[in-house]
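> 3D model of this:
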Amino acid sequence: MRELALFPLSIVAFPGEAVNLHIFEPRYKSLINDCLSSKSTFGIPAFILNKIELGTEVEIVEVTKTYEDGRMDIKTKALSIFNVDEFWNPWGDFDYAGGKVEYLPVSDESTDLNKLYEFKEMVAKLFVWLGETDAPDISTISSVFDIGHKIGLKPEEEYALLKMSEENERLDYSIKHLEHLLPALERAQNAQERIKQNGHFKHLDPLKF
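Alright, predicted model coming up:
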């Protein structure tokens with residue numbers, strides 16, 4: 001358990017992903033400058049269910065732009081998931097928030113490769129349906145976290161993924177989601193094609209009785 005500067009946001013940051021942020025509030029400009037000076041990390045609690053409970057530690061990778069008024073564009077990388085045991089706003093003498101956090105244990109369970117393969121196949125089908133031209137290489141996916149923001153989950157569903165400690169549990173959850181989503185996309189496309197046909201002259205073969 002440790003104390004960590006906290007930057008609550010209405011997003012879910014998955015471990016390993018790049019999180020780009022535009023920093024404009026004075027207190028969070030202070031937070032970033034303090035982290036840069038001390039080469040320390042900060043946490044992004046996911047304010048999704050109207051509470052501060054679960055979040056992800058991030059490290060600053062690069063400050064890509066600094067504006068005259070002190071605003072910044074920064075690149076960060078998400079690291080470990082934590083529970084917020086205590087939340088303080090402000091945090092001691094700082095003008096930004098902080099808290100006492102406990103990191104979630106990393107599971108030592110082996111990933112079910114059959115489930116992973118099924119998940120990747122379904123993701124590939126999803127990208128075909130969506131006509132995704134900037135799709136990542138499916139062969140590089142080794143975890144749901146690698147692609148979690150691109151499979152049509154609601155924020156609260158992404159939050160549910162973050163709470164799961166086992167990769168196989170995340171795979172089951174995501175596969176079930178895609179099993180509902182893919183047929184829905186097919187039905188929507190068929191409905192769209194039928195709608196386009198309305199009002200047009202149709203050549204129909206007469207039924208023979």
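
> domain ranges for the protein?
2-103, 113-197 (automatic domain parsing).

> need the pLDDT of Gln197.
The pLDDT attached to Gln197 in the predicted structure is 51.

> the closest residue to Asp112 other than its chain neighbours: which element?
Spatially, and ignoring its direct neighbours in sequence, Asp112 is nearest to Asn168 (5.1 Å; CB to CB, 6 or more residues apart in numbering). Every C-beta, even on glycine, is put in place using the N, C-alpha and C of the backbone. Here Asn168 is covered by helix 167-197, with elements defined by DSSP states H and E.

> picking that back up, measure the residue nearest to Asp112 to Thr111 for me?
7 Å (CB to CB, to the nearest Å).

> same question for Lys176.
For Lys176 relative to Thr111 (CB to CB), the value is 17 Å.

> higher neighbour count, the two?
The residue with more neighbours, out of Lys176 and Thr111, is Thr111; 16 against 10, by other CB atoms under 10 Å.

> three-state assignment of that one?
coil (DSSP: H, G, I helix; E, B strand; the rest coil).

> what's the next secondary structure element after the strand ranked longest in the chain?
Counting residues, the longest strand in the chain under DSSP state E turns out to be strand 72-88. Sequence-wise, the next helix or strand downstream of strand 72-88 (DSSP H and E) is strand 97-103.

> ok, back up a step: mean pLDDT for the domains of the chain: which is lowest?
domain 113-197 (a mean of 87).

> give the burial count for Val84, as a bare number.
Neighbours of Val84 (other CB under 10 Å): 21.

> quick one: it and Asn20, what's the gap?
Distance from Val84 to Asn20, by CB to CB: 23 Å.

> kindly report the same for Ser110.
Taken as CB to CB, the span from Ser110 to Asn20 is 33 Å.

> find the nearest non-adjacent residue to Ile23, please.
Met72 is the one closest to Ile23 (CB to CB, 6+ apart), at 4.4 Å.

> return the residues in contact with that neighbour.
22-23, 29, 32, 63, 65-66 (CB atoms under 8 Å, 6 or more residues apart in numbering).

> so Leu9 touches Ile48, yeah?
No: the criterion here is CB atoms under 8 Å, and Leu9 misses it with Ile48 at 9.6 Å.

> more neighbours: those two, which one.
Ile48 (20 against 16).

> would you confirm that the more buried one contacts Pro155?
Yes: if you go by CB under 8 Å, Ile48 and Pro155 touch, sitting 5.0 Å apart.
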